[in-house]
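> Sharing a sequence plus its predicted fold:
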Number of protein chains: 2
Amino acid sequence: MTTQTYIKDGAAIYEQSFAIIRREADLTRFSGGEADVAVRMIHACGVVDAARHFIFSPGFETAARAALQNGAPILCDAEMVAHGVTRARLPARNEVICTLRDPRTPELAQKLGNTRSAAALELWRDRLEGAVVAIGNAPTALFYLLDMIDAGAPRPAAVIGMPVGFVGAVESKAALAQRADLAFATVAGRMGGSAMTAAAINALARIGI
Amino acid sequence: MTTQTYIKDGAAIYEQSFAIIRREADLTRFSGGEADVAVRMIHACGVVDAARHFIFSPGFETAARAALQNGAPILCDAEMVAHGVTRARLPARNEVICTLRDPRTPELAQKLGNTRSAAALELWRDRLEGAVVAIGNAPTALFYLLDMIDAGAPRPAAVIGMPVGFVGAVESKAALAQRADLAFATVAGRMGGSAMTAAAINALARIGI
């Protein structure tokens, strides 16, 4: 019945966590800015080895940071992603948008013969130009985004595409990783998810390190 | 520029995902009900091997299911956990409560000399009796819960305690795993997180399998 002893200072917990990750993870192939993003992504999943699977396109980090500084909206495929973004950290009171629960989405999904997660992207069209896209849950959303862009939709400034899972996740992220026309961050393989995606945004939103 | 081919039926994606997980994961040490929870937790993190670290106390699954059926509130440490809980699946329109952003929480944190995540639990006191607790983010919240209970706070029906991370996560989950007086689910080691925690709730909330 003795009260437990543990660190109770949030800032100290973050600092120690990041120090442990930097000590254990192999971040040598990343730039300094990419490493900052990678550290937070590792922090979100608890697996140091996940870093082996992180892929950042050349210029991704610069493009995503610049877009956020310039007030780009953050378009999220899932409520969990949207709610993982730390609002106080955003540099320009950026809007965080998730259209999954928009009343129009279910009907769009039926019409398109696709998931609600994919159909919700139709409601992004007028915000897509220069936006930061954050897809952490649905492979169908990432596939749909790439198809939309190929069909002439406005181009986001950066795509964080890291859906987690067993059906379509590997394939949709492999498709993203082949794009020379997009600035992107992804995680090869099955890992990923809302927390890792939101962590990437939170790292990019921070001014300085 | 050819449109990609991928599965666009949400139900089929879930079904195939769960089938892959059941084929690949070693679930033999779990009961049928525990295995259902484990499958969804694996689905949330994309790592089949994570199952090795899952711990369910005897009676956890039954206690948690019964509490949800009886309308127990779900007390979450993080907004991401709360927003990962599928409302439509809840058997008794259960309340999903997160007090992290309650205006009283910052002052409580200062007074207690603890994180906001821990302090937020003070605002759970009058809902804690028979509740289902879902801690997926903050080790300090899990430590604080155990201390509150030891100090005589009302007892939840079940504790899903699986914070992710590098400082306190391992230790707080080890402390939970030693409790013979609580029905709990946890993940030994660093893995865990909001998505896995919400997935456990979503599995338990489902009637039947």
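Looks like it came in fine.

> any idea where the helices of chain A begin and end?
In chain A, the helices defined using DSSP state H lie at A:10-24, A:32-45, A:60-69, A:79-84, A:105-112, A:116-119, A:139-150, A:169-177, A:194-205.

> what's the angle from the last one to helix A:60-69?
Spelled out, it's helix A:194-205. Between helix A:194-205 and helix A:60-69, the angle comes out at 80 degrees (axes from the mean of the first three to the mean of the last three C-alpha atoms, to 10 degrees).

> touching chain B at all, helix A:194-205?
Yes - using C-beta under 8 Å from any C-beta of the partner chain, helix A:194-205 comes into contact with chain B via A:Ser194, A:Ala195, A:Ala198. Yep, even glycine has a C-beta here, placed from its N, CA and C like the rest.

> Then the fourth one?
Yes - contact check for helix A:79-84 against chain B, using C-beta under 8 Å from any C-beta: residues in range are A:Glu79, A:Met80, A:Ala82, A:His83, A:Gly84.

> which strands and helices sit next to that helix?
strand A:96-98, helix A:194-205, helix B:79-84, helix B:194-205 (3 or more C-beta pairs under 8 Å, 6 or more residues apart in numbering or on different chains; DSSP states H and E).

> Low-confidence stretches in chain A?
A:1-3, A:207-209 (pLDDT under 70).

> 80 instead, please
Within chain A, the ranges that satisfy pLDDT under 80 run A:1-4, A:207-209.

> number of nearby residues for the closest residue to A:Ala67 other than its chain neighbours?
Closest residue in space to A:Ala67, ignoring its immediate chain neighbours: A:Ala157 at 3.6 Å, by C-beta to C-beta, 6 or more residues apart in numbering or on different chains. Neighbours of A:Ala157 under the rule other C-beta atoms under 10 Å in any protein chain shown: 21.

> before we move on, what about the one 4 residues further on?
A count of nearby residues for A:Gly161, using other C-beta under 10 Å, gives 30.

> Now do A:Tyr14 against A:Gly136, distance only.
In this view, A:Tyr14 and A:Gly136 are 21 Å apart by C-beta to C-beta, to the nearest Å.

> Between the two, point out the one with more neighbours.
Counted by other C-beta under 10 Å, A:Tyr14 and A:Gly136 do not tie: A:Gly136 has more neighbours, with 31 against 15.

> From A:Leu100, how far out is the more buried one?
12 Å.

> hey, what's in contact with both of the two?
A:Asp77, A:Ala78 (C-beta atoms under 8 Å, 6 or more residues apart in numbering or on different chains).

> Please give me every residue in contact with A:Ala109.
A:Thr115, A:Arg116, A:Ala118, A:Ala119.

> before we move on, the earlier item: of all the helices and strands packed on helix A:79-84, which lies closest to A:Phe56?
With respect to A:Phe56, and counting by C-beta to C-beta, the nearest of these is helix A:194-205 at 9.6 Å.

> Centre of the chain to the closest one, how far?
Centre-to-centre, helix A:194-205 and its host chain are 6 Å apart (C-alpha atoms, centre = their mean, to the nearest Å).

> ok, for A:Gln4, nearest residue in space, not its chain neighbours?
Using C-beta to C-beta, 6+ apart, the closest residue to A:Gln4 is B:Phe143 (5.3 Å).

> is it true that the one you found touches B:Ala118?
Yes - at 7.1 Å, B:Phe143 counts as touching B:Ala118 under the criterion of C-beta atoms under 8 Å.

> Surely A:Ala153 is in contact with A:Arg127?
No - with contacts counted by C-beta under 8 Å, A:Ala153 stays clear of A:Arg127, the gap being 11.0 Å.

> Might one say that A:Ala175 is in contact with A:Ala188?
No - A:Ala175 lies out of contact with A:Ala188 (C-beta under 8 Å); the separation is 11.6 Å.

> The two: which is more packed in?
A:Ala175 (20 against 16).

> That one and B:Thr5: what is the separation?
Counting by C-beta to C-beta, the gap from A:Ala175 to B:Thr5 is 11 Å.

> Just give me the neighbour total for A:Asp150.
A:Asp150, neighbours per other C-beta under 10 Å, totals 14.

> Look up how far B:Ala141 lies from it.
Taking C-beta to C-beta, one finds A:Asp150 at 44 Å from B:Ala141.

> same thing with A:Asp181?
Taken as C-beta to C-beta, the span from A:Asp181 to B:Ala141 is 43 Å.

> of these two, who's got more company?
When A:Asp181 and B:Ala141 are compared on other C-beta under 10 Å, the one with more neighbours turns out to be B:Ala141, at 29 against 10.

> was I right about that one contacting B:Ile135?
Yes - B:Ala141 lies in contact with B:Ile135 (C-beta under 8 Å); the separation is 5.0 Å.

> Please enumerate the shared neighbours of these two.
Common neighbours of B:Ala141 and B:Ile135 (C-beta under 8 Å, 6+ apart) are B:Asp77, B:Pro163.

> okay if I get the helices and strands packed on helix A:79-84 as TSV plus distance to A:Glu34 and mean neighbour count?
Output for the helices and strands packed on helix A:79-84, formatted as TSV (distance: least, C-beta to C-beta, whole Å; neighbours: other C-beta atoms under 10 Å in any protein chain shown):
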stretch	distance to A:Glu34	mean neighbour count
strand A:96-98	23	19
helix A:194-205	10	28
helix B:79-84	24	26
helix B:194-205	24	28
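
> surely A:Ala51 meets A:Thr28?
No - using C-beta under 8 Å, A:Ala51 makes no contact with A:Thr28, being 10.0 Å away.

> And these two? Which one has more around it.
Set side by side, A:Ala51 and A:Thr28 show more neighbours around A:Ala51, with 21 against 7, by other C-beta under 10 Å.
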